[in-house]
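K.L.:
from the sequence below, what's the structure:
(2 chains)
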There are 2 protein chains.
Amino acid sequence: MRMMMRSDVSSLKRSVDQGTEEQRQAVREIIQDVKNNGDQAVRAYTKRFDRTDIENWRVTKTELAEAYTSIDENDRTILVEAAANIRNFHEKQRTTSWFDSNANGTILGQKVTPIDGAGIYVPGGTAAYPSSVLMNVIPAQVAGVKRIVMVTPPNTDGNIPAGVLAAAHLLGVEQVFKAGGAQAIAALAYGTETLAPVDKITGPGNVYVALAKREVFGDVDIDMIAGPSEVAVLADHTAKADEVAADLLSQAEHDARSSSILVTTEESLAEEVRTAVYSQLRTLPRYKIAKASIEDYGAIIVCDTKAEALETINEIAAEHLEIVTEHPFQDMAKVKHSGAIFLGPYSSEPVGDYYAGPNHVLPTNGTARFSSPLTVDDFVKKSSVISYSEQALQQNGDKIAQFARLEGLEAHARAIETRKERWK
Amino acid sequence: MRMMMRSDVSSLKRSVDQGTEEQRQAVREIIQDVKNNGDQAVRAYTKRFDRTDIENWRVTKTELAEAYTSIDENDRTILVEAAANIRNFHEKQRTTSWFDSNANGTILGQKVTPIDGAGIYVPGGTAAYPSSVLMNVIPAQVAGVKRIVMVTPPNTDGNIPAGVLAAAHLLGVEQVFKAGGAQAIAALAYGTETLAPVDKITGPGNVYVALAKREVFGDVDIDMIAGPSEVAVLADHTAKADEVAADLLSQAEHDARSSSILVTTEESLAEEVRTAVYSQLRTLPRYKIAKASIEDYGAIIVCDTKAEALETINEIAAEHLEIVTEHPFQDMAKVKHSGAIFLGPYSSEPVGDYYAGPNHVLPTNGTARFSSPLTVDDFVKKSSVISYSEQALQQNGDKIAQFARLEGLEAHARAIETRKERWK
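P.N.:
So this is what the prediction gives:
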C-alpha cells in the first residue's frame, strides 16, 4: 500500500478495458452466430466455454421453487428483508409524467413509460451473487417493466447456484436462462427460438460480456460498462484505523484490480491504517486477491488541508466513497463525483452492497464523472408531448416557417403554412 | 409511397449503421492519432477531410459577436424566442437531490450534480443548423454544466455558418472549435493542447462521427447514436389530407433514408394523402431527396380498427409521431414508444423542430423502445447517499455480515463486525 503524493493519483487511473482485437473479433463472431443459429449456437458455446451440455437452457418453475426452499432459512429471511429495503429505496426514484398548459390552449409535457423487456446478466464464476439479482431486477420491477429475463452461466454440472435462483424466485422472475458470455448477451439482444429479445441489458460480467454489450449497444440499450470495484475513504482524526482498514480490504478482496484509496489530512491515521491493513490482510480467505489489489492499486494520500483532500476525492471520482470525518454531511456537499457516498463511522461500504437499499450497480473507473448508479430511470423512457393550439400556431406559425427556411428546409415551412388555409 | 400491410411494417426497419470494418479501422486510427498528436493531428485531418488549413481552430470572441450582429434581425428575434421557449420547457425537467430519514437515525438519499464539461457536436455539410446549437446547449446549461465546448466542421473557406455562431453567441457559449468528424470527437474525449477534455458528448453527425462516439463511449458518456429522421402519422376522418401530406414530406426532405409513414383506418384518407404527397413533392427544392425517401421508406398502412392502428404505431416506435384524430389525448395514452408525440391538427411536426420548447434530439431507428429525447437529466449524474445510524448497524449488522458470507466475501463481513467493538 503506497503512500502517495496527491499529484500521483492519476497513476491509479485505469481506462476501460476495450479488449484485444482478437477478443473483439471473437465476440463479433459469437454474436453473428447466435443471430443466425439461435438456441443451437448458444448451446454450442455453453458446451465450449462453460463445459456443460445443456438441452433445456430455460430454468423450470420447479427448479426455481426448489432452490428457494433449499437455502438456509436465515439466508432466506435476509434476502426477503434486503429485497424490501431495496424496493423501498427505489420506489422513491419513480419519475412521473407531467404537463404544462398555456392559456392559449397549448399543452407541452413529458410522458414516462417503462421499457417492454429487460435482460439481466448475473455473473457466475467462483462465487454466487444473489445480490446482483436483487439490485438489477428490483429497479426494473419498480419501473413497471413487464418482461424481465435473467441469464447466468451454469456450472460445469449444468446448474446455477441455489442462492441466485432463490433470489429470482423471491422476486417472481420466471424467465431464467442458463447461459453466460457474449452468447447470452447476443441472445438477449436479438432473441432465439426460446428467448424473445429484450430492449435493455444490464448487469456486470467479464471482458467478453463487456465487449458484447458494447457491440449490441444501439440495437438495444445497455447500462455502463463495469470495471473493477473501487473505494475511496476520506477520513480525519475521528476515524478508527481498524475500521478504515477493514473497509479498504472489503473492496480489495473483490478483484486483484480493485482499488482502495485512503485520503486524509492526518499523518498518524495514515500510518495506523497501513499497519492495520497488512495485519488484517493475513487472515483473509481471499488473501492472494486482496494482497495483489492492495499492492497494485492501494494507496494512501496525505493532504495538507481538507479542501485539498476534497479536491483529490473529486479527481478520483470513486465508485464508493466513505466520509469518516467530524462533519460528514458538510463534506458530502462538496463532493462532485462518486457513485455512492457513505457517511459517518457506521456506514461501512458493505452496508450498501446488500442491505441498506440503494443500488450496488455503480459507475467505476472514474465514470462517476458522468454516470449514475443503476436507477428506476434506467428502465423507463420519456416521450415529449406537444399539443399546439390554433391560437399558438396563428401567432407563431410565420416565425417557425422562417426558422425552417433559415435552415434550408422548405418542406418544413410549407407544412406549417398549409394550416393557414384553415383561417383564411 | 407504398400501400402496405401491417405485417410488412417490419420491412421498413433499419438497423443502426455500424459502418464497414474499413471505416471502423479508420476511425480508430484517427482517434489514436489525436490522442498522440493533439492539435496538430486535428489540423491535418481538417485539411484532408474539410479541405481547409486552419491555424487557429478556436473561434474568437470577435467572430462570435460579429456573427450575431451579421444575421438578419428577424432571424435573431426568432432565435431569441426559440431559445426562451426551449429553456422554459427544459427548466421543468430539473431533478432535485432528495433524502429520506428513518426514526432510527439512518438517512438514505440521492444527490444530483451536473457533469463538469459537455461537448456538443454540431453537424456541418449542406445546411446550417442553429437549432442543433439551441437543442444541445440549453439542456446542458439548465443542468448547471459549467464548461460547454462546441465543435463543428468548417467550410472549405475555413468558416462556420453565421447562424450557428450566432446561436452559440446568444447562449453565451465561448468555447467553439472548428473541427468535425472523428477527429473532433477524439479531441472532445481526450483533449488536446488547446481543448480540455469533456465528460459527455452529444449531437448528431455522419457515420464517422457515430463510429467515433461508439469508440470513445466508456471513457466519456455519449447520447444515443442517431439515425435518419422519421415521422409516423396516426390519422382518422378528422385529418386533412393536404396537411398530413405536407407533414410527411417535411420528414422526407431531411435525408433519402428518412422515413414517413401514415397509419390510418380510413381508406379514402389513405388515397387522398398519397395523391397529395406526389402533387406537393413536385415543387420542393429538395425534390430529389424527398422523392427517394418517399419511394424507399414512405408507407401508408390501412388498419381495420383503431386498436390495430395503435399496435402498429407501437411497433414502429417512431422518432416523431403525429396523432391527428378525433380524441388525440386518449389515443396518446395508449402509445408506448415514440420520441415526441404531436397531438391534434395544429401540432405539425416542424413546430417541435425549432420553436415549441421540447428537444428535437430524439431516438431514431425504433430506439424509442428504450431511449428518450435529450433532457436535462443527460447532463447530470446521481450519487447514492447512505448515512447508516449506530442503531441501524446494531440491529442489522449480523444480517449484513451473513449475506456477505453467503456470497463468499469474508472481508465484507469483517468490515461490518469490526464496528462491534464500539458497543462491547
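
K.L.:
what about the residue lying closest to A:R58 once chain neighbours are set aside, distance to A:A168?
P.N.:
Distances taken as Cβ to Cβ, 6 or more residues apart in numbering or on different chains put A:F177 closest to A:R58, at 5.5 Å, once the chain neighbours are dropped. The way it works is simple: take the backbone N, C-alpha and C, and place the C-beta from them, glycine included. Distance, A:F177 to A:A168, using Cβ to Cβ, to the nearest Å: 11 Å.

K.L.:
list residues touching both of the two?
P.N.:
A:V59, A:M150 (Cβ atoms under 8 Å, 6 or more residues apart in numbering or on different chains).

K.L.:
my read: A:S260 touches A:A252, true?
P.N.:
Yes - using Cβ atoms under 8 Å, A:S260 is in contact with A:A252, at 5.1 Å.

K.L.:
export the host helix or strand of the residue nearest to A:R58 to PDB, keeping only CA atoms.
P.N.:
Element membership for A:F177 (DSSP states H and E) is strand A:175-178. Presented in PDB, the C-alpha positions along strand A:175-178 are these (Å, rounded to 0.1, in the frame of the first residue of the first chain):
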ATOM      1  CA  GLN A 175     -37.700 -16.300 -17.300                       C
ATOM      2  CA  VAL A 176     -34.200 -17.500 -16.200                       C
ATOM      3  CA  PHE A 177     -31.800 -19.000 -18.800                       C
ATOM      4  CA  LYS A 178     -28.600 -20.900 -18.300                       C
END
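
K.L.:
now do it, average pLDDT.
P.N.:
Averaged across strand A:175-178, pLDDT comes to 98.

K.L.:
name the helix or strand for the spatially most central residue of chain A, please.
P.N.:
Residue closest to the average C-alpha location in chain A (Cα atoms, centre = their mean): A:V361, at 3.4 Å. Element membership for A:V361, per DSSP H and E: none, as it lies in no helix or strand.

K.L.:
in this structure it contacts A:T202, no?
P.N.:
Yes - the criterion here is Cβ under 8 Å, and A:V361 meets it with A:T202 at 7.0 Å.

K.L.:
now do the shared contacts for those two.
P.N.:
Residues touching both A:V361 and A:T202 by Cβ under 8 Å, 6+ apart: A:N136, A:D223, A:L374.

K.L.:
name all residues that make contact with the nearest residue to the first one once chain neighbours are set aside.
P.N.:
Meaning A:N136. Once flanking residues are discounted, A:N136 sits nearest to A:I120: 4.3 Å by Cβ to Cβ, 6+ apart. Contact analysis of A:I120 by Cβ under 8 Å, 6+ apart lists A:132-133, A:136-137, A:140, A:148-151, A:173, A:201-203.

K.L.:
ok, how many other residues are close to A:W98?
P.N.:
Number of residues near A:W98 (other Cβ atoms under 10 Å in any protein chain shown) recorded here: 13.

K.L.:
any idea how far B:A83 is from it?
P.N.:
Counting by Cβ to Cβ, the gap from A:W98 to B:A83 is 22 Å.

K.L.:
what's the answer for A:P328, then?
P.N.:
Using Cβ to Cβ, A:P328 is found at 41 Å from B:A83.

K.L.:
and the helices in the stretch 151-300 of chain A, which stretches?
P.N.:
Using DSSP state H, counting those that start in this stretch, the helices found in the stretch 151-300 of chain A span residues A:162-171, A:181-190, A:207-216, A:241-252, A:267-281, A:287-297.

K.L.:
turn the ones you listed into a markdown table, columns for distance to chain B, mean pLDDT and mean neighbour count.
P.N.:
Below are the helices of the stretch 151-300 of chain A laid out as a markdown table (distance: least, Cβ to the nearest Cβ, whole Å; pLDDT from 0 to 100; neighbours: other Cβ atoms under 10 Å in any protein chain shown):
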| stretch | distance to chain B | mean pLDDT | mean neighbour count |
| --- | --- | --- | --- |
| helix A:162-171 | 6 | 96 | 24 |
| helix A:181-190 | 10 | 98 | 28 |
| helix A:207-216 | 7 | 92 | 23 |
| helix A:241-252 | 4 | 97 | 27 |
| helix A:267-281 | 7 | 97 | 18 |
| helix A:287-297 | 6 | 95 | 19 |
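
K.L.:
tell me the domain boundaries of chain A?
P.N.:
According to automatic domain parsing, chain A comprises the domains A:21-222, A:227-370, A:388-423.

K.L.:
for those domains, give me JSON lines that also has distance to B:E73.
P.N.:
Converted to JSON lines, the domains of chain A look like this (distance: least, Cβ to Cβ, whole Å):
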{"stretch": "domain A:21-222", "distance to B:E73": "25"}
{"stretch": "domain A:227-370", "distance to B:E73": "39"}
{"stretch": "domain A:388-423", "distance to B:E73": "12"}
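
K.L.:
most neighbours per residue, which of those?
P.N.:
Greatest average neighbour count among the domains of chain A goes to domain A:227-370 (a mean of 22), per mean count of other Cβ atoms under 10 Å in any protein chain shown.

K.L.:
now do stretch A:215-235: distance from first to last residue.
P.N.:
41 Å (Cα to Cα, to the nearest Å).

K.L.:
and it, how far out from the chain's middle?
P.N.:
With Cα atoms, centre = their mean, to the nearest Å as the basis, stretch A:215-235 stands 6 Å off its chain's centre.

K.L.:
again, but for stretch A:281-301
P.N.:
That offset, for stretch A:281-301, works out to 24 Å (Cα atoms, centre = their mean).

K.L.:
swap in stretch A:236-246?
P.N.:
Relative to its parent chain, stretch A:236-246 has a centroid offset of 28 Å by Cα atoms, centre = their mean.

K.L.:
cool, stretch A:297-307 as well?
P.N.:
With Cα atoms, centre = their mean as the basis, stretch A:297-307 stands 27 Å off its chain's centre.

K.L.:
likewise for stretch A:261-270?
P.N.:
30 Å.

K.L.:
ditto for stretch A:63-70
P.N.:
27 Å.

K.L.:
need the contact partners of that stretch.
P.N.:
Everything outside stretch A:63-70 that qualifies as a contact, by Cβ under 8 Å, 6+ apart, is A:R76, A:I160, A:A162, A:G163, A:V164, A:L165, A:A166, A:A168, A:H169, A:L170, A:E174, A:V176.
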